[in-house]
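Chemist: coordinates for the following, if possible.
(2 chains)
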Amino acid sequence: MMKKFAAMLLTGVMAISLAACGGSSGASTSTDSAAAEPAAEETAAAEAPAADAAATAEDTEFVVGFDAEYPPYGYLDEATGDYTGFDLELAEELCKRRGWTLKKQPINWDNKDAEIDSGTIDCIWNGMTYTGREAAYTWSKPYVNNSIVIAVLADSDIQTAADLAGKVVIVQSDSSAETALKSEELAALTGTFADLQRNPSYNTCFTDMKSGAVDAVAVDIGVARYQMRNNPDAFRILEEPISTEQYAIAFKLGNEALRDQVQETYDEMLADGTVMKVAEKYADDNLPDMLITE
Amino acid sequence: MSLLTVISQIASGFGSTLIIFVCTLLFSMPLGILVALGRMSKFKPLSILIQGIISILRGTPLMLQLIVVFYGPYYVFGLKLSTAWRLYATLIGFSINYAAYFAEIFRAGIQSIPVGQTEAATVLGYTKTQTFLKIIFPQMVKRTIPPVTNEVITLVKDTSLAFVLAYQEMFTYAKQVSAAMSSLMPLFVAGVFYYVFNLVVTLIMNYIEKRLNYYN
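Modeler: Below you'll find the model as predicted:
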């Protein structure tokens, strides 16, 4: 009796694990091919150890780490089931030119420091703010001008930053909007809020606002525009941004060799207009205007 | 995105969830039995050590344990981490955490069997191993099916914690679809997947319990 039971159980387990193996390898290949889009600020760090990533002669896998819930810079393309976005598309083009294999690695934004430190990703290329974090990473030259704006419900009575007094504001955990609000310049403003809340995902932040749990979201303008496009007439952005900053590609502190290689190819792409062409695909999110084109 | 597309996209992440589920059960149950035996051992130092380990594994968040297992080799030994390590670290973290819970369940099952049976077995000439395998273990299985079912159902839902290691399982995928669509609907679809999965698990466990109830 026990023997028959054990045999049945083991057979069932084997069958399930075979099915699971088939299913999972299918899922993983689709997610790998998905992330071609440049948008990812968190460019997947190359598989090669971050320290010697510079050389990357033979196994040149470039692992871009990005937040897959951060449109338009890095997100899941519903139509194709692949990861795409402005930063990931740029990363794809860059890897093509350098002969590297791009690996798009969605990461948990809260853990981005541990991920890049331990080398599981080669870079962070996903609307990664450079301003205020200059000392923490090795950076490429800034490539996008960004502003942090306040998004409110379309019918809200908040018109200026001063109206935020006594309101509940939410930001993404560990985002530059949070850093800006907690910085010295904005401490006075933040002090007037009833509460400053955090959440790992901007999507949840906007849902919280829709449901009335919070009054305003402090967010990057590109992300706010995307939310507004997907929720027509639900939100609006206050006219005055609360802070301006720049995006750049982040590498592990000290990994200048890889940074120089990426920078070299990016400069080429900028010079021959490829970057602008990609930005134009995201004109709805105002990217061509935000691009740094010196 | 239509409902059908959402469903098929989330379903593609289901295989990853299934891998965590099956492998964790496969590794944590035998490990749980070993840990339970160690916990009940007459050798005091071993018993105390195991109690301490169980206490830490049950007393700290699973998310934290996953992070420790994943980044441990790099920060402690300076080893290079790889993408494959995300899956292995997830499995290791889940397995040892659930082994601790299963160990306590199995210990309750083993200790609930009247000691008279062990004495009778000794009198009849059974060795300790034979007593355990032929007398104690089968009864323990029957008695612990309800609490084990509890843990298995908890495991189905806990698989979503693998998001912290950026392992792309079903709920992580559902969150990404949700962000791309700026809507919460995909999360509810994922919820339905979990519920159906749990329903199947419960039905299977009920069937097993009935089949093992051969004396009634």
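Chemist: just the element for the closest residue to chain A within chain B, please.
Modeler: Nearest residue of chain B to chain A: residue B:15, at 2.3 Å (Cβ to the nearest Cβ). C-beta coordinates here come from the backbone N, C-alpha and C atoms, glycine included. Taking DSSP states H and E as the criterion, residue B:15 maps to helix B:14-39.
Chemist: tabulate the CA atom coordinates of the next helix or strand after that helix in PDB.
Modeler: Using DSSP H and E, the next helix or strand after helix B:14-39 towards the C-terminus is helix B:44-59. Taking C-alpha atoms only, helix B:44-59 is exported to PDB below (Å, rounded to 0.1, in the frame of the first residue of the first chain):
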ATOM      1  CA  LYS B  44      21.900  17.000  23.800                       C
ATOM      2  CA  PRO B  45      24.300  19.300  21.900                       C
ATOM      3  CA  LEU B  46      22.800  18.300  18.600                       C
ATOM      4  CA  SER B  47      19.300  18.800  19.900                       C
ATOM      5  CA  ILE B  48      20.000  22.200  21.200                       C
ATOM      6  CA  LEU B  49      21.800  23.200  18.000                       C
ATOM      7  CA  ILE B  50      18.900  22.100  15.900                       C
ATOM      8  CA  GLN B  51      16.400  24.000  18.200                       C
ATOM      9  CA  GLY B  52      18.500  27.100  17.700                       C
ATOM     10  CA  ILE B  53      18.500  26.700  13.900                       C
ATOM     11  CA  ILE B  54      14.700  26.100  13.800                       C
ATOM     12  CA  SER B  55      14.200  29.100  16.000                       C
ATOM     13  CA  ILE B  56      16.100  31.400  13.700                       C
ATOM     14  CA  LEU B  57      14.500  30.000  10.500                       C
ATOM     15  CA  ARG B  58      11.000  30.400  11.900                       C
ATOM     16  CA  GLY B  59      11.700  33.600  13.700                       C
END
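Chemist: rewinding a little: now do the helix holding residue B:15, average pLDDT.
Modeler: Averaged across helix B:14-39, pLDDT comes to 94.
Chemist: what do you get for stretch B:160-171?
Modeler: 90.
Chemist: check what pLDDT the residue lying closest to residue B:75 once chain neighbours are set aside gets.
Modeler: Closest residue to residue B:75 apart from its sequence neighbours, by Cβ to Cβ, 6 or more residues apart in numbering or on different chains: residue A:118 at 7.3 Å. As predicted, residue A:118 sits at a pLDDT of 88.
Chemist: so what does residue A:118 have for phi and psi?
Modeler: phi -90, psi 0 (degrees, to the nearest 10).
Chemist: that one reaches residue B:82, doesn't it?
Modeler: No - the pair residue A:118 / residue B:82 is not scored as a contact, 10.4 Å apart, by Cβ atoms under 8 Å.
Chemist: what about these two, which has more around it?
Modeler: More neighbours surround residue A:118 than the other of residue A:118 and residue B:82, with 24 against 12 (other Cβ atoms under 10 Å in any protein chain shown).
Chemist: just list the residues touching that one, thanks.
Modeler: B:71, B:74, B:75, B:81 (Cβ atoms under 8 Å, 6 or more residues apart in numbering or on different chains).
Chemist: what about the residue in the stretch 51-200 of chain A positioned nearest to chain B, how many neighbours?
Modeler: Nearest to chain B in the stretch 51-200 of chain A, going by Cβ to the nearest Cβ, is residue A:69, at a distance of 3.4 Å. Per other Cβ under 10 Å, the neighbour tally for residue A:69 reads 24.
Chemist: repeat that for residue B:130.
Modeler: 12.
Chemist: so how far is residue B:118 from it?
Modeler: Distance of residue B:130 to residue B:118, computed by Cβ to Cβ, to the nearest Å: 11 Å.
Chemist: let's verify residue A:254: helix, strand, or coil?
Modeler: Reduced to three states with DSSP: H, G, I helix; E, B strand; the rest coil, the structure at residue A:254 is coil.
Chemist: that one against residue A:138, yeah?
Modeler: Yes - using Cβ under 8 Å, residue A:254 is in contact with residue A:138, at 6.2 Å.
Chemist: neighbour count: these two, which is higher?
Modeler: Neighbours were counted for residue A:254 and for residue A:138 using other Cβ under 10 Å; residue A:138 has more, 19 against 11.
Chemist: who's in contact with the more buried one?
Modeler: Going by Cβ under 8 Å, 6+ apart, residue A:138 touches A:250, A:251, A:252, A:253, A:254, A:255, A:256, A:259.
Chemist: picking up where we left off before, please report how far the residue nearest to residue B:75 lies from residue A:262.
Modeler: Distance from residue A:118 to residue A:262, by Cβ to Cβ: 20 Å.
Chemist: tell me the angle of the helix holding residue B:15 relative to helix B:44-59?
Modeler: 150 degrees (axes from the mean of the first three to the mean of the last three Cα atoms, to 10 degrees).
Chemist: tell me which residues in helix B:14-39 are buried?
Modeler: By 16 or more other Cβ atoms under 10 Å in any protein chain shown, the buried positions in helix B:14-39 come out as B:14-29, B:31-33, B:35-39.
Chemist: so who does the residue in the stretch 151-294 of chain A that chain B sits nearest to touch?
Modeler: At 3.6 Å from chain B, residue A:230 is the closest residue in the stretch 151-294 of chain A, using Cβ to the nearest Cβ. By Cβ under 8 Å, 6+ apart, the contact set of residue A:230 is B:181, B:182, B:183.
Chemist: among those, name the buried ones.
Modeler: Buried among these by 16+ other Cβ under 10 Å: B:181, B:182, B:183.
Chemist: just the element for residue A:105, please.
Modeler: strand A:101-106.
Chemist: from the contact counts, what lies against that strand?
Modeler: helix A:2-34, strand A:61-66, helix A:86-98 (3 or more Cβ pairs under 8 Å, 6 or more residues apart in numbering or on different chains; DSSP states H and E).
Chemist: give the closest residue to residue B:149 in space, chain neighbours not counted.
Modeler: Distances taken as Cβ to Cβ, 6+ apart put residue B:205 closest to residue B:149, at 4.3 Å, once the chain neighbours are dropped.
Chemist: how much space is there between that neighbour and residue A:192?
Modeler: Taken as Cβ to Cβ, the span from residue B:205 to residue A:192 is 55 Å.
Chemist: more crowded one of those two?
Modeler: residue B:205 (17 against 14).
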